[in-house]
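> Structure for this input, please:
(chains A and B)
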Amino acid sequence: MYREDNTRQKAFTRRALILGGAQVGLLGLIVGRMYQLQVLESHRYRMLADENRINMRLLPPPRGRIVDRFGVPMAVNRENYRALLIAEQAPDVERTLDTLAALIPLGEHDRRRILREISRRRSFFPVTVRENLDWREVSRIEVRAPDLPGIVIDVGQSREYPLGDRGAHLLGYVAAVSEREQGDDPLLQLPGFRIGKSGVERSYDLKLRGKAGSSQLEVNALGRVIRELDRQEGEPGQDLRLTVDLALQNFAIDKLQDMRSAAAVVMDVRSGEVLALASVPGFDPNAFNVGLTHAEWQAIVRDPHAPLSNKAVSGQYAPGSTFKMMVALAALESGAMTPDTRVFCRGYTELGNARFHCWKRGGHGWQDMRGAIQHSCDVYFYETAKRAGIDRIAEMARRFGFGAETGIDLPAERAGLIPTRAWKKAATGVAWQKGETLVAGIGQGFVLATPLQLAVMAARIANGKVKVTPHLVKAAPAEGAGGKVAAAPAGGFAPLGVSAEALDVVIDGMNAVTNDRRGTAYRARITEEGWEMAGKTGTSQVRRITKHERETRVLKNEERPWKERDHALFVAFAPVAAPRYAVAVVVEHGGGGSAVAAPIARDILREALKRDPAGAVAGGKPAARPAEREA
Amino acid sequence: MLYSAANGAWEPWASRQAMRFGIGIALMVAIALTDIRLWMRYSYALYFLVLGLLVGVEVIGEIGMGAQRWINLGVIQLQPSEIMKITLVLALARYFHGATLEDIGRPSSLIFPLLLVAAPVVLVLRQPDLGTAIMLGLTAGAIFFLAGVRAWKFGLVAAAVLGAMPVAWSVLHGYQKRRILTFLDPGSDPLGAGYHILQSKIALGSGGVLGKGFLRGSQSHLNFLPEKQTDFIFTMLAEEFGMAGGLTLLGLYTLVLVFGFAIALRVRNQYGRLLALGVTATFFVYVFINIAMVMGLLPVVGVPLPLISYGGTAMLSILIGFGFLMSAYVHRDVRISRHGTSEDD
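The predicted model follows:
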C-alpha cells in the first residue's frame, strides 16, 4: 500500500515539476509582453492615450470691424442668437419641438434636419435649431424655458453689413470656407467659420480674422467634457479703417443707381486714397453670409448686369476719347508734335483704302492740340497717333497706370490692355497694322482700361509730379494683409517724369472741355467759383459702325438694343487751380460720355469738394470732423 | 484598486468587496481547520450539490451582462460556475485518490472523471461562459496530468479538441466569434469589437515603467477602459502603477503559486496533493488567462483577476480553494486509504 503510494507520489512530484515549469514559462511570457508594451512601445501608447483623453476645442476670435475714414461702421459683428437643442436634456425631443414651433416659425424641413442631426450626433452635442433669432423670439423662448427641456439659447457672432448692397463690392462678403481654401490655419476647419470671399474682407482677411484661441478639454470615451485643462485666449481680429468716406460712397451709388450698370471711383490726387469706389448693380452681402437659395444664386449669376463683378476694378472698357490725353502727351513728350501743331479735320481721314471717321460728320476744320482735346476731334488724334507711333503711346499710357494692375488692395483687379507691336505679334501672331495705331489714338481697338485706371490717370495728370497709387485702407499694415498692400505711402510715390509744359497743354484742353462754352461737357461744369473741374468725355463703341450705316444713317443709341449701345465715360479732377480729387465714371452702354457720364462725375466731384473728406481744398484749413484723427 | 476603479470612492465596489473578503477569510480558516478526511468524504456530495445549482441556474438563473450566471439564494447572489471550479477539483482529487496507477492506465477508468468534467463544462457553456468552461477544462487537465494519466492521451484529447473546433465555431455565439476574430486582428475595427483590447493596450503601454500614479490613470478614469472593476482591473493597475506595479502583483501571485507547490510536495496523501495542486492550478489559470487577455495575448473571455477583481463568488471560491490548500497542509501527514478510511500512525 505504502509502496504503491510512493510510486504515485514520485509520479506526482515529477509531473508537478513539469506543471510548475510550464507555469513559470507562461508567467515569463506575460512578463515579456509587459516589457514590450510598457517599456518598448510605451511612448507610442502614451501618445495614443493623450489623443484619447485631450480634445482641443478652438475658440474663434471675433472678426475685426471695418469702418470708413471717419469711423462710421461698414462691416460689424452682430450678436446672433441661436436656439440649440441638446437631445440628452430633452426627454421627448418631438414634444419639445412641438412646443417650440408654437413660439417661433419652425418648418417641416427644419424639423427633419434637426432630427437627422440629432440621430447622427452624440446626445449631449448641441444641434442648431434656428439662427438669427430676434429679441422677441428669444424672450418668448426664455419665458417658456421650463416647458422646453433641452433648448438653450446661445450667442454667436455673425457679420453684418449696414450698407447692404451699397458696400458689397468694396467690402466684399464672408462665407463658409470652401474645400480649396483649406489651409494651415486650424480655424478654417471650424464648422460654420467664415472668411472673406471678396473685396476688402478678402484682401485683409488675415488681419480681420485674428488668431484662434484654444481650449484643451479632457473628455471621456463618450466625448463628454470632464474638465478644461488649459485655455488660451485668441487674438481678436483687428479693426480696419478704410480711406473711403461712407457718405461720399453712398452719394456715388445714389448717382449711379439709375444706370443699369456703372462704376465710379473717387481718388485723392495727392495721397492716392480712394474716397469712393462704387459699382452697380450690387448684391446683398448679408444674404451671402446667411446662405443663398439656389434660385437666388441663379438670379445673381444670370443677371446680364453682373452684380457680383466689381466693375470699378474688374470691368475693362475701351477708354475712348478719355485716352486722348495719353496720345497727346506721347506726341508732345517725344517731340513728334508741338502744342501748336495744326491738323485739318474734314470729318474723316484716309489711310490706304480705309477711311477713319471723326465723330462729327462735317469735321472740325483746323485744330490745334488744346482745341482737339476740347472738341475731342478724332481726326486730329488719328494724325497725332500716327506721328507718335503705338509704342510711344503705350509707354506713356503705362506711366499713367494703364496696362497693369494699379495694386489697389482689392482682389480681382484686372490689368486692362495697352497694345504694342510686340504684344500683338506675340498674342495674335499677326504684325501690327498701321490703321490699328489710328484706332488706338482714339482709345478704341485693343485698348482696354478699368474705371480705377481711368481715375488713376486723372489723378496723375492732376498731380503732375508723382505716380499716385490708389489704396483703400488707412495706414496700411506692414504685414498680413494678403500681399495686396498699397506699395507706397503718401509722398513715397515714384516720379511721373512728364514735363510740366506738356501736362499744362493737356490740362488746358481738359479745362476747356468743361469750362469753355464750346467744350464737349460745358453743360456738366462745376459752377462754384474756385471748385472748377477739368475733365474729358469718352464714348466708346461697343460694335463696329457698318459702311451701310454710314451711308444711310447711324442709329441713335436709344434705337439700339442695350447691349449694343456705347459706353459712356468721363474722367475729371478739381479744383483745376489746385487739384485735390479725381473721378472716373463709366456707364456701361450708357450712350454719350458728355450727356450721361459727365453730369454724374460732376455731381460726385462737387459732393467730394463739399464734404472735403481729405480736408485740404484750396489750402483751406481741414474741416473739423468728429472721428478724423489723422493730421 | 476597486477604490480607484470607482474614481476614488469606496462605493460601490471597494466597500462591498472588503466585506466579502472578511467572510471569505473566515470561511477559509474554517475550511483549513476542518479535517481533510471530512472533506474527502463529502467531495462528491459537494460536487453534485454545486452541479445541481448549475442546473438551477439554467432553469431559474438571473441574467446579468447578457448571460445567465447568477443564482439568487435570498441573501446573496451566487455564481455557481465559480464555485464549481473548486468542487470539480475536490471531486477529481477524490476519484484519483482511489485509483491506482494501474487503474489510471486503463482507459475505461477515465470515463467517470471525464463525465465529472464534462457535465459542468456543458452546463457552463450553455450559460454561456466560455472563460469558465476553458478554466474548468484546463484545471481538470492539470489534475489528470498530475494523477498520472499518460501523455499520449492528452495528445489524443488535444487532437479531438482541434478536430471539434469547426463544430464548436458554429455553436459559438456571435459575440464570442467576434472576440476571437478581434483577437486575431485587433486593429481591424478599433472602434468596434477591437476597442476593448486596443484601449487596454493603450492603457498598459501609456503606464510605462512607473505608471501614472494612483487614481491618475487617464484611460481607466475616463471610461476608455471597459469593465475596469472586473476583467480589466489588471490594466488599470498597470496603468496607474506601471510595469513596477504589474511585476509586484505578479511576484505576489508567484509567491502564492510557490506555496501551493511547496504544500503539494509535502502532503503525504494523494487526495491532499491533488487538491493542493488543483487549487494552485486553478489559481494560475485565473491569473494567466486574465492577464494574457488584457495584454492582447489571448482572446477576451470573461475571467476575473483573482483577489483583485470585483465579484463576490469568484473571490469566495478562491478563498475557499485556499482553505482546502491549507487544510491539505494542516493535515499533510494524515494517511488516507484508497477508500477514504483513516490510517493514522
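> any weak-confidence spans in chain B?
Counting by pLDDT under 70, the ranges of chain B that qualify are B:1-12, B:60-78, B:128, B:173-176, B:178-195, B:215-229, B:338-345.
> Tell me where the longest helix sits in it.
helix B:233-266 (DSSP state H).
> so what does the next helix or strand after it touch, helix or strand wise?
Moving toward the C-terminus from helix B:233-266, the next helix or strand (DSSP states H and E) is helix B:270-294. Judged by 3 or more C-beta pairs under 8 Å, 6 or more residues apart in numbering or on different chains; DSSP states H and E, helix B:270-294 is in contact with helix A:2-35, helix B:36-41, helix B:80-97, helix B:130-147, helix B:233-266, helix B:312-330. No exception for glycine: its C-beta is placed from N, CA and C like everyone else's.
> mind listing what's buried in the second one?
By neighbour count, and taking 16 or more other C-beta atoms under 10 Å in any protein chain shown as the criterion, the buried residues in helix B:36-41 are B:36-37, B:39-40.
> Now that helix - C-alpha only, PDB.
The C-alpha trace of helix B:36-41 is given here as PDB (Å, rounded to 0.1, in the frame of the first residue of the first chain):
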ATOM      1  CA  ILE B  36      -9.400  16.800   5.400                       C
ATOM      2  CA  ARG B  37     -10.900  13.400   5.600                       C
ATOM      3  CA  LEU B  38     -14.300  15.000   6.200                       C
ATOM      4  CA  TRP B  39     -13.800  17.000   3.000                       C
ATOM      5  CA  MET B  40     -12.800  13.900   1.200                       C
ATOM      6  CA  ARG B  41     -15.900  12.100   2.400                       C
END
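> between the helix or strand following that helix and helix B:80-97, how big is the angle?
Next in sequence after helix B:36-41, counting helices and strands by DSSP H and E, comes helix B:43-60. With axes from the mean of the first three to the mean of the last three C-alpha atoms, to 10 degrees as the basis, helix B:43-60 and helix B:80-97 are set at 150 degrees to each other.
> Next, the angle helix B:312-330 makes with helix B:43-60.
Computed by the same axes, to 10 degrees, the angle between helix B:43-60 and helix B:312-330 is 180 degrees.
> Give me the below-cutoff pLDDT ranges for the stretch 351-500 of chain A.
For the stretch 351-500 of chain A, the stretches flagged by pLDDT under 70 are A:475-491.
> For it, just list every one of the helices.
A:369-375, A:378-388, A:390-399, A:421-428, A:434-441, A:451-463, A:500-515 (DSSP state H, counting those that start in this stretch).
> Among these, single out whichever gets nearest to A:M325.
Between A:M325 and the helices of the stretch 351-500 of chain A, the shortest separation by C-beta to C-beta is 4.9 Å, and it involves helix A:500-515.
> Could you check how far the closest one is from the centre of its chain?
How far helix A:500-515 lies from its chain's middle: 34 Å, per C-alpha atoms, centre = their mean, to the nearest Å.
> related to what we said a few turns ago, take the buried residues of helix B:36-41 and write them to TSV, including distance to B:I25.
Shown next, in TSV, are these (distance: C-beta to C-beta, whole Å):
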residue	distance to B:I25
B:I36	19
B:R37	24
B:W39	18
B:M40	23
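> At the geometric centre of chain B, which residue do we find?
Nearest to the mean C-alpha position of chain B, by C-alpha atoms, centre = their mean, lies B:Y286 at 4.3 Å.
> tell me the SS of the nearest residue to that one once chain neighbours are set aside?
By the measure of C-beta to C-beta, 6 or more residues apart in numbering or on different chains, the closest residue to B:Y286 outside its immediate chain neighbours is B:P306, 4.4 Å from it. Judged by DSSP: H, G, I helix; E, B strand; the rest coil, the three-state class of B:P306 is coil.
> Number of residues surrounding the residue in the stretch 101-250 of chain B that chain A sits nearest to?
Here the stretch 101-250 of chain B gets closest to chain A at one residue, B:G205, 2.4 Å apart by C-beta to the nearest C-beta. Close neighbours of B:G205, defined as other C-beta atoms under 10 Å in any protein chain shown, add up to 27.
> ok, for A:K311, nearest residue in space, not its chain neighbours?
Of all residues not flanking A:K311 in the chain, A:A263 sits nearest, at 3.9 Å (C-beta to C-beta, 6+ apart).
> and A:V506, what does it touch?
A:325, A:328-329, A:332, A:373, A:461 (C-beta atoms under 8 Å, 6 or more residues apart in numbering or on different chains).
> now for the residues you listed, which pair is the farthest apart?
By the measure C-beta to C-beta, A:L332 and A:I461 form the most distant pair in the contacts of A:V506, at 12.8 Å.
> So what sits opposite A:L217 in the bridge?
For A:L217, the beta-bridge partners are A:N55, A:E228 (DSSP bridges).
> ok so A:P62 is a helix residue?
No: judged by three-state DSSP, A:P62 forms no part of a helix; its state is coil.
> Phi first, then psi, for the residue nearest to it when sequence neighbours are not counted.
Spatial nearest neighbour of A:P62, excluding adjacent residues (C-beta to C-beta, 6+ apart): A:P236 at 4.9 Å. When read as degrees, to the nearest 10, the backbone of A:P236 gives phi -60, psi 150.
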